[in-house]
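In: Fold the following.
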Amino acid sequence: YPMAQKGQGGRALGIATFGSFAGGVIGCVALITLARPLTDLALKIGSPEYFALGVMALSLISVGSKGDTVKGIMMACLGLGLSFVGSDPVSGLVDRFAFGVPILAAGIPIVVSTLGVFAISQAMSLLDEGGSIAGETAEFKDSVFQGLADVVRRPKTLIRAGLVGLWVGVLPALGVSLAGIASYLFEKKYSNESEQFGKGAPSGLMAAEVGKGACVVGDLIPTFTLGVPGSVTGELLMSALIVHGIAPGPMFLLSGAMPYAVFMGIILAQGVFLVSGLLLAKYMAKVVFVPNAILAPGIVVICVLGAYAERNSVWDIMMMFGFGLLAYALEKAGYSVVCLVLGMILGNLVETNLHRALSISMGSWSIFLTRPLTLAMLVVTALFLLGPWIAAAFSALTRRRAKQAAATTEVAEEHKTPAQAAAKEELILLALLTAVAVGMVVEGRNYEPAVALFPNLIAALMLLMSLWRVYTLIKDGVLKASWQITRLL
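Out: So this is what the prediction gives:
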C-alpha cells in the first residue's frame, strides 16, 4: 500500500509475486531434502518447548511495536485476553469469559477479527484520506519485473525470511499468518531498511511474502512424514491423497516414485502461481486508481460476506466492525495492531502447552528451567523484551546531562506537540485496557484455579504495563502539558 502511494504499485506486485515464488521454492527444496531431519527435530519438541516458542514469538513485539516495547506488550496481552474467550483447553468449559453473551461462547473467530483489524480499519482510513491510493500519480511507470531485481538484490532477506517461514511451517498449528508476521518482524530487526518499514520498504514486503511462501510448503513436511497435517491446507491435501489411495505418514517417503511425483506437482504449482501472478499483475495494479469513495465500500462488502460465511451469523459481522473500530482507534493512538493479532493467533497454543507442561511436571514450574531448549528460548525472549530498555539506558548514560535538560525544557515550553495532543485519547485507551484487565480478574474468580491461571497472569501483566505507560507519560510531562492545554481551551 505505501509503495502504491509512491507510484510503485507494479514493483510492489513484482516483489510479492517473486518473493512468494522464492519462498515456495525454498519450501520445496526443504521438503525434498530436509523433511526427515526436520521432522525428527520437531518430534523432540514437547509442551514446554512449544510454550517457550509461543512466548518467544510474542517477544517479537519488541521490534514490531513502533519502537515502544510497553505498547507492544499491552497489545499482545489484549490479544491473548481475547483468545481466552470461548472454550477452555483445561476443563472443556465452553463459555469462559463470555460474560453471558451467547455468541461469544464459541470464541472469537480469527477470520472475523483479522478482517476487522486489517480490512475494515483500512477502509476507514481510505475514507478519511479521500482521493485514491495512487494519489497524484497518473500511472504506474514501473514494471513488475523490477520486483525481481529487488528480490535478487536482497539474498540475506531471502534467506532469513525463508528460514523463519520454513521453521514456522514445520511446527504444526502455528499457521501462515504467524509466518508472515514473524518474518516481517525478524527482518525489521536486522534489515538496513528497518527505519522505512511501514513506509514502503521493499525488504518488509519481500520478507512477509517469502515467509508465507516457505511456510505453506513447510506445512506439508509433518503432513507427509508423520501423517499429521500442519494446517488446514495440509488437511485438505492429506484428504485428497487418501482418496487417491496415498497414505501420508512415515512410510510415504519409502513408497517408490510416488513421493517425488507429488513433490514435482508442488514445484509445478509454484511455477503456475508465478506465471499467473505476472500476467495478471498489470491489471490488478489498476485498482489503486479507483477512488477511495468507491474502493472502501467495496472492501467493506467483501468483508461482510467473508465474516458472514465463517459461521453464517450476523453477530460475526457486528463483531468484525467492532474490531475495525478498535484497530482504527489503536492506530490513531500509535499502538501496533500486529501485536494484537499475534496475541490472538498464539493465545490457544501458549495456554494449552503451558497447562500440558505443568501437568507433566506435576505442577512444578521448574520444568521450564531444566530443559535446555526451553531455557534457551526463554533467555532469547528476555533479550528481545529487555533489549530496547537496555539500549535506551546505555544511550542515556552516554549523553550529557546538560543536553538532556535542555531538550526537556524545550519540550516543556512547546504549547502543543503531537504527543500532547494524543495524550487524552491514549488515557481513554489505557482506562479501557485497565477495565479489561480488572474484568478478567473478577470474572476469573468464577472458574477453577487452573482455568483462571494463565488469564490472571496476562491480566496482571496488562495492568502493570498500563500503569507503567501512565507513569511514562507523567515523567515525560506529556500529561501535565495536555491537562494545561485542556484547561486553557
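
In: Could you give the number of residues near C28?
Out: 21 (other Cβ atoms under 10 Å). (Each C-beta comes from the backbone N, C-alpha and C, glycine too.)

In: so how far is V262 from it?
Out: 11 Å (Cβ to Cβ, to the nearest Å).

In: Find residues that contact each of those two.
Out: Common contact partners of C28 and V262 (Cβ atoms under 8 Å, 6 or more residues apart in numbering): none.

In: wait, what's in contact with V111?
Out: Counted by Cβ under 8 Å, 6+ apart, V111 has contacts G306, A307, E310.

In: can you tell me which of the residues you listed are in helices?
Out: G306, A307, E310 (DSSP state H).

In: thinking the first one is in contact with G116, fair?
Out: No - because the distance of 10.6 Å does not satisfy Cβ atoms under 8 Å, G306 is recorded as not touching G116.

In: Tell me which of the two has more neighbours.
Out: G116 (26 against 17).

In: my guess is that one is in a helix, correct?
Out: Yes - counting by DSSP: H, G, I helix; E, B strand; the rest coil, G116 falls inside a helix.

In: tell me which element the closest residue to it other than its chain neighbours is part of?
Out: What sits nearest to G116 in space, not counting adjacent residues and going by Cβ to Cβ, 6 or more residues apart in numbering, is F323, at 2.8 Å. According to DSSP states H and E, F323 maps onto helix 314-332.

In: just how off-centre is that helix within its chain?
Out: 17 Å (Cα atoms, centre = their mean, to the nearest Å).

In: The helix or strand just after it vs helix 314-332, what angle?
Out: Toward the C-terminus, helix 314-332 is succeeded by helix 337-360 as the next helix or strand (DSSP H and E). Using axes from the mean of the first three to the mean of the last three Cα atoms, to 10 degrees, the direction of helix 337-360 lies 110 degrees away from that of helix 314-332.

In: could you dump helix 337-360 to PDB, C-alpha only?
Out: Output in PDB follows, covering the C-alpha atoms of helix 337-360 (Å, rounded to 0.1, in the frame of the first residue of the first chain):
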ATOM      1  CA  VAL A 337      -2.400  -3.900  15.700                       C
ATOM      2  CA  VAL A 338       0.100  -6.500  14.500                       C
ATOM      3  CA  CYS A 339       0.900  -7.300  18.100                       C
ATOM      4  CA  LEU A 340      -2.800  -7.600  18.900                       C
ATOM      5  CA  VAL A 341      -3.400 -10.100  16.100                       C
ATOM      6  CA  LEU A 342      -0.200 -12.000  17.000                       C
ATOM      7  CA  GLY A 343      -1.500 -12.400  20.600                       C
ATOM      8  CA  MET A 344      -4.900 -13.700  19.300                       C
ATOM      9  CA  ILE A 345      -3.200 -16.200  17.000                       C
ATOM     10  CA  LEU A 346      -0.800 -17.600  19.600                       C
ATOM     11  CA  GLY A 347      -3.100 -17.500  22.600                       C
ATOM     12  CA  ASN A 348      -4.500 -21.000  22.400                       C
ATOM     13  CA  LEU A 349      -1.100 -22.500  21.600                       C
ATOM     14  CA  VAL A 350       0.600 -20.900  24.500                       C
ATOM     15  CA  GLU A 351      -2.100 -21.600  27.100                       C
ATOM     16  CA  THR A 352      -2.600 -25.200  26.100                       C
ATOM     17  CA  ASN A 353       1.100 -26.100  26.200                       C
ATOM     18  CA  LEU A 354       1.500 -24.200  29.500                       C
ATOM     19  CA  HIS A 355      -1.000 -26.500  31.100                       C
ATOM     20  CA  ARG A 356       0.300 -29.600  29.500                       C
ATOM     21  CA  ALA A 357       3.900 -28.800  30.700                       C
ATOM     22  CA  LEU A 358       2.600 -28.200  34.200                       C
ATOM     23  CA  SER A 359       0.700 -31.400  34.100                       C
ATOM     24  CA  ILE A 360       3.900 -33.300  33.000                       C
END
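
In: Buried residues of whichever helix or strand comes after it, list them for me.
Out: Under the assignment DSSP H and E, the closest C-terminal helix or strand after helix 337-360 is helix 367-370. For helix 367-370, burial by neighbour count (16 or more other Cβ atoms under 10 Å) applies to I367, F368.

In: quick check: mean pLDDT across helix 367-370?
Out: The average pLDDT within helix 367-370 is 90.

In: Ok, stretch 277-293 next?
Out: Mean predicted lDDT for stretch 277-293 stands at 75.

In: hang on, the earlier thing: tally of neighbours for the residue nearest to G116?
Out: Around F323 there are 26 residues (other Cβ under 10 Å).

In: From T114, how far out is it?
Out: Relative to T114, and taking Cβ to Cβ, F323 is found at 8 Å.

In: same question, W315
Out: Taken as Cβ to Cβ, the span from W315 to T114 is 17 Å.

In: rewinding a little: for M465, state which of the contacts of V111 is nearest.
Out: A307 (30.3 Å; Cβ to Cβ).

In: and the closest residue to the closest one other than its chain neighbours, what does it touch?
Out: Closest residue to A307 apart from its sequence neighbours, by Cβ to Cβ, 6+ apart: M320 at 4.3 Å. Residues near M320 by Cβ under 8 Å, 6+ apart: V112, S113, L115, G116, I120, C303, V304, A307.

In: One more pass at 7 Å, please.
Out: Shown in contact with M320 (Cβ atoms under 7 Å, 6 or more residues apart in numbering): V112, L115, G116, I120, C303, A307.

In: So what's the predicted local confidence for it?
Out: 93.

In: how much space between it and G86?
Out: 16 Å.

In: Give the rounded mean pLDDT of stretch 208-221.
Out: Stretch 208-221 comes out at a mean pLDDT of 82.

In: Could you export it as PDB, CA atoms only?
Out: Provided in PDB are the C-alpha atoms of stretch 208-221 (Å, rounded to 0.1, in the frame of the first residue of the first chain):
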ATOM      1  CA  ALA A 208       6.400 -11.300   4.500                       C
ATOM      2  CA  GLU A 209       5.800 -12.900   1.100                       C
ATOM      3  CA  VAL A 210       8.900 -15.200   1.300                       C
ATOM      4  CA  GLY A 211       8.000 -16.300   4.800                       C
ATOM      5  CA  LYS A 212       4.400 -17.100   3.800                       C
ATOM      6  CA  GLY A 213       5.500 -18.900   0.700                       C
ATOM      7  CA  ALA A 214       8.000 -21.100   2.600                       C
ATOM      8  CA  CYS A 215       5.500 -21.800   5.400                       C
ATOM      9  CA  VAL A 216       2.800 -23.000   3.000                       C
ATOM     10  CA  VAL A 217       5.100 -25.800   1.700                       C
ATOM     11  CA  GLY A 218       6.800 -26.300   5.100                       C
ATOM     12  CA  ASP A 219       3.400 -27.100   6.500                       C
ATOM     13  CA  LEU A 220       3.500 -30.200   4.300                       C
ATOM     14  CA  ILE A 221       6.600 -31.700   5.900                       C
END
